[in-house]
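[1] My questions concern the predicted model and sequence given below.
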Amino acid sequence: MSTQANKTKIDLDIRPFSKAPLGAEVRGIDLSKPLSKETQATVYKSFLKHQLLVFRDQKLTKQEQVEFSKQFGELERHTLRNRGQEDEPLVHVVSNLGPDGKPTGKVNSDMWHTDKSFRPLPSMATILHAQVLPPNGGDTCFANMYAAYEALSESEKETLDDVKVVHSWELSRENIGRVMSEEEKRDAPTNAWPLARVHPETGRKALFMGMHASHIEGRPLEEGRAKIIALEEHATQQKFCHRHTWQSGDVLMWDNRCLLHRADPNFDASLHPRILHRTCLRGTTPA
Ligand code: OGA
Ligand code: MN
């Protein structure tokens with residue numbers, strides 16, 4: 001075994017969050033350098049086990065973030081309005097700044113969701129790297145959809161068998177008061193996925209919904225919406241949730257197949273900038 005591999009093995013320190021329903025901090029790793037195969041495998045195994053990994057004190061350029069992300073899968077492009085910037089289109093800049101570079105007061109992604117669930121291949125993982133943080137707040141919240149599913153009664157679980165949810169980017173934009181252009185609609189047609197999906201790697205069932213989830217396939221719109229809203233209320237109870245308080249240098253990597261997440265606009269977003277760099281890895285067809 002090489003010295004490098006030995007070093008990685010000894011230094012890597014994975015600390016599950018105590019009293020939290022998900023998440024672990026990973027220490028002893030510099031994400032700006034290529035990881036040994038062994039470290040990659042350990043990180044991925046921890047990601048599957050804890051659903052959210054937090055790496056502290058990192059300082060990645062956009063290109064380094066792309067290189068880090070690529071070690072775990074295939075990078076996903078972003079929606080038409082979020083194509084990133086020309087220097088690195090695969091990195092989406094998440095921010096509350098307007099075209100004039102000033103805080104707008106608006107924080108995006110503040111409703112529970114799983115990334116790109118309206119896509120034919122919804123995201124497997126999202127990697128988010130803090131660039132500029134407000135003095136306080138601007139947390140990101142996570143909810144464990146394995147735990148939410150497992151907490152349902154057996155008869156409730158049975159009612160979810162074979163139920164499919166229509167995920168729609170158009171509806172999700174309407175909900176935040178935006179009408180999409182025809183070009184945008186063509187770019188993101190709807191898709192229907194099992195409400196309780198089987199995680200392709202762990203084999204565990206997880207609720208799969210969030211703000212892009214519109215209604216239930218084959219059922220009246222209002223009935224389906226009501227069902228989804230009620231389930232989301234159940235699934236995002238405090239006991240299933242973990243709140244990430246950002247520190248400068250943080251990199252988060254989470255599993256979109258079994259978590260919901262949202263930004264908490266708990267800071268003055270008209271005064272303070274909040275900027276993060278995001279990469280997404282493509283998943284598989286939910287089943
Ligand atoms: C995202 C997202 C949450 C946040 O980038 O996909 O949901 O806290 N971000 O900004
Ligand atoms: Mn998101």
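    Happy to help now that I have it. All values reported here derive from a predicted model rather than from experimental measurement. Ligands and ions are numbered 1, 2, ... in the order given.
[2] Give me the sheet partners of the longest strand along the chain and which way each runs.
    Longest strand in the chain, counting residues (DSSP state E): strand 123-132. Its sheet considered, strand 123-132 pairs with strand 251-255 (antiparallel), strand 275-282 (antiparallel) by DSSP bridges.
[3] show me where the stretch 151-287 of the chain has helices.
    Using DSSP state H, counting those that start in this stretch, the helices of the stretch 151-287 of the chain run over residues 154-160, 169-175, 182-187, 221-235.
[4] Quick check: residues of this structure near ligand 2?
    Proximity of the chain to ligand 2 is confined to 109, 115 under the rule C-beta under 5 Å from the ion. All C-beta atoms are positioned from the backbone trio N, CA, C, and that covers glycine.
[5] So in the chain, where's the weakest helix or strand by average pLDDT?
    Of all helical and strand segments in the chain, the minimum by mean pLDDT, DSSP states H and E falls on helix 3-11, at a mean of 52.
[6] Could you look up the SS state of residue 109?
    Residue 109 falls in the coil class when you classify it by DSSP: H, G, I helix; E, B strand; the rest coil.
[7] since we're on it, how many residues are nearby?
    Residues lying near residue 109 (other C-beta atoms under 10 Å) number 16.
[8] do residue 137 as well
    Using other C-beta under 10 Å, residue 137 has 17 other residues around it.
[9] repeat for the one 5 residues further on
    Neighbour count for residue 142, taken as other C-beta under 10 Å: 25.
[10] now do residue 173
    Neighbour count of residue 173, defined by other C-beta under 10 Å: 19.
[11] Close to ligand 1: what parts of the stretch 51-200 of the chain are there?
    Within the stretch 51-200 of the chain, the positions near ligand 1 by C-beta under 6 Å from any ligand atom are 94, 109, 115, 126, 128, 140.
[12] Quick one: the strands in the stretch 1-150 of the chain, in order.
    13-16, 24-27, 52-55, 92-95, 123-132, 140-144 (DSSP state E, counting those that start in this stretch).
[13] For residue 191, find the nearest of the ones you listed.
    strand 123-132 (12.9 Å; C-beta to C-beta).
[14] got the buried residues for that closest one?
    123-131 (16 or more other C-beta atoms under 10 Å).
[15] before we move on, what about stretch 63-80?
    By neighbour count on 16+ other C-beta under 10 Å, the buried set for stretch 63-80 is 64-66, 68-69, 72-73, 75-76, 78-79.
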